[in-house]
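J.: I'd like to go over a predicted model; first the sequence, then the structure.
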Amino acid sequence: MAIGATKMVLGLLTFVTVGMLIGALFQLAFIRHLEESSESGFPLYRRKVHESQERYLYLPTGFLPWERDEDARMLRIGFVKPEIISWSPRIIVFHNFLSPEECDYLIAIARPRLRVSTVVDTKTGKGIKSDVRTSSGMFLNHEEKKYPMIQAIEKRISVYSQVPAENGELMQILRYEKGEFYKPHHDYFSDEFNIKRGQRIATMLMYLSDDLQGGETNFPLAGDMECSCGGKMVKGVCVKPKKGDAILFWSMGLDGSVDPKSIHGGCEVSGGVKWSATKWMRERIA
């Protein structure tokens, strides 16, 4: 009897062990599939961008538990990877924040309407031309803001920044060609006209291209290290443009006062063309 019971126990243990091994192999195979999908990109499906347009928008889909969840796709769950760059000033890089199709779409909208960029006049609050900023740019209009792809990006910015979408200004798209730059500056306002309308509290800067040399975003007061800025070594942190990545940084401290350490600049482009999109967010409805 004892021998029979022992054999039965050993048999059950063997059965359970084999089952666990098989389950572990299936789990590893599933995880590997997700990793390969993330590296190579998922299959795509088409959806009409706007009733008045004859173009189509390609969004990622694939073998994921949340692939049929519209909000999860809109937020690019499983793609966006946050990386904290600095706590003072507060800087976070969101890798893969935009899809390649979204980047190309924003560039296509902007290209025909580019104008010489301006800066905010501290006395009047109006935009003026300045040698501080040598790029070309344009703003999306209120009608374009209603397009499904733009709405998806706007919602993503709002969720990841935790700032209501209605507090955001219209998105600006910029092009920096060889030799162009934006000298270090603050995004928060110092003129009474704009402060009364609501101070800027945060910025989401999105890279739309990476086929270039230079063009980094430099935060000179973020740390004591040195980094390459347009081929020159400077103090602070430099974030290299990578298509689809986005930088979220805060112009205000946790106490609600403006943060001088949030000063930043666009390093000179030494080769190629830099495309970016900027979303400024205010403390109340813009």
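T.: On my side now, so go ahead.
J.: quick one: what helix or strand has residue 101 in it?
T.: helix 100-110 (DSSP states H and E).
J.: quick one: the helix or strand just after that helix to chain centroid distance?
T.: Counting by DSSP H and E, the element after helix 100-110 in chain order, helix or strand, is strand 115-116. Distance, stretch centre to chain centre, for strand 115-116: 24 Å (Cα atoms, centre = their mean, to the nearest Å).
J.: Pull the contacting residues for the closest residue to residue 286 other than its chain neighbours.
T.: Leaving aside its sequence neighbours, residue 286 sits nearest to residue 169 (Cβ to Cβ, 6 or more residues apart in numbering; 4.9 Å). In short, each C-beta sits where N, CA and C put it, glycine included. Applying Cβ atoms under 8 Å, 6 or more residues apart in numbering, we find residue 169 in contact with 279, 280, 281, 282, 286.
J.: same thing but 10 Å
T.: 139, 198, 200, 203, 278, 279, 280, 281, 282, 286 (Cβ atoms under 10 Å, 6 or more residues apart in numbering).
J.: Filter those residues down to the buried ones and hand me the PyMOL line.
T.: Command for PyMOL that selects the buried part of the contacts of residue 169, burial taken from 16 or more other Cβ atoms under 10 Å:
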select buried, resi 198+200+203+278+279+280+281+282+286
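J.: Go through the contacts of residue 169 and flag which are in helices.
T.: Among these, no member is found in helices (DSSP state H).
J.: With distance to residue 148 added, can I get the contacts of residue 169 in JSON lines?
T.: Shown next, in JSON lines, are the contacts of residue 169 (distance: Cβ to Cβ, whole Å):
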{"residue": "139", "distance to residue 148": "19"}
{"residue": "198", "distance to residue 148": "27"}
{"residue": "200", "distance to residue 148": "27"}
{"residue": "203", "distance to residue 148": "24"}
{"residue": "278", "distance to residue 148": "21"}
{"residue": "279", "distance to residue 148": "17"}
{"residue": "280", "distance to residue 148": "23"}
{"residue": "281", "distance to residue 148": "21"}
{"residue": "282", "distance to residue 148": "25"}
{"residue": "286", "distance to residue 148": "22"}
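J.: Identify, from the contacts of residue 169, the entry nearest to residue 72.
T.: When the contacts of residue 169 are ranked by distance to residue 72 (Cβ to Cβ), residue 279 comes first, at 21.3 Å.
J.: Okay, the residue lying closest to that closest one once chain neighbours are set aside and residue 240: tell me how far apart.
T.: Among residues not flanking residue 279 along the chain, residue 204 sits closest, at 4.4 Å (Cβ to Cβ, 6+ apart). Going from residue 204 to residue 240 by Cβ to Cβ, to the nearest Å gives 17 Å.
J.: Compare these two and say which one has the larger neighbour count.
T.: residue 204 (25 against 16; other Cβ atoms under 10 Å).
J.: how near is the more buried one to residue 193?
T.: 24 Å.
J.: Could you do residue 241 as well?
T.: 32 Å.
J.: higher neighbour count, these two?
T.: residue 241 (26 against 14).
J.: who's in contact with the closest residue to that one other than its chain neighbours?
T.: What sits nearest to residue 241 in space, not counting adjacent residues and going by Cβ to Cβ, 6+ apart, is residue 207, at 4.4 Å. Contacts of residue 207 were listed using Cβ under 10 Å, 6+ apart, and they are 93, 97-98, 103, 215, 217, 239-247, 274-277.
J.: I'd like to know which of these are buried.
T.: Buried among those (16+ other Cβ under 10 Å): 93, 97-98, 103, 215, 217, 239-241, 243-247, 274-277.
J.: Helices - which of those residues land there?
T.: residue 103.
J.: Return the subset of the buried ones among the contacts of residue 207 lying in strands.
T.: Counted as lying in strands by DSSP state E, out of the buried ones among the contacts of residue 207, are 93, 217, 239, 246, 247, 274, 275, 276, 277.
J.: The residue lying closest to the fifth one once chain neighbours are set aside: what secondary structure?
T.: Think residue 247. In this structure, residue 247 finds its nearest non-sequential neighbour in residue 205, 4.5 Å apart by Cβ to Cβ, 6+ apart. For residue 205, the assignment made with DSSP: H, G, I helix; E, B strand; the rest coil gives strand.
J.: quick check: mean pLDDT across stretch 246-263?
T.: The predicted model gives stretch 246-263 an average pLDDT of 96.
J.: got it, and stretch 133-148?
T.: Per-residue scores along stretch 133-148 average to 93.
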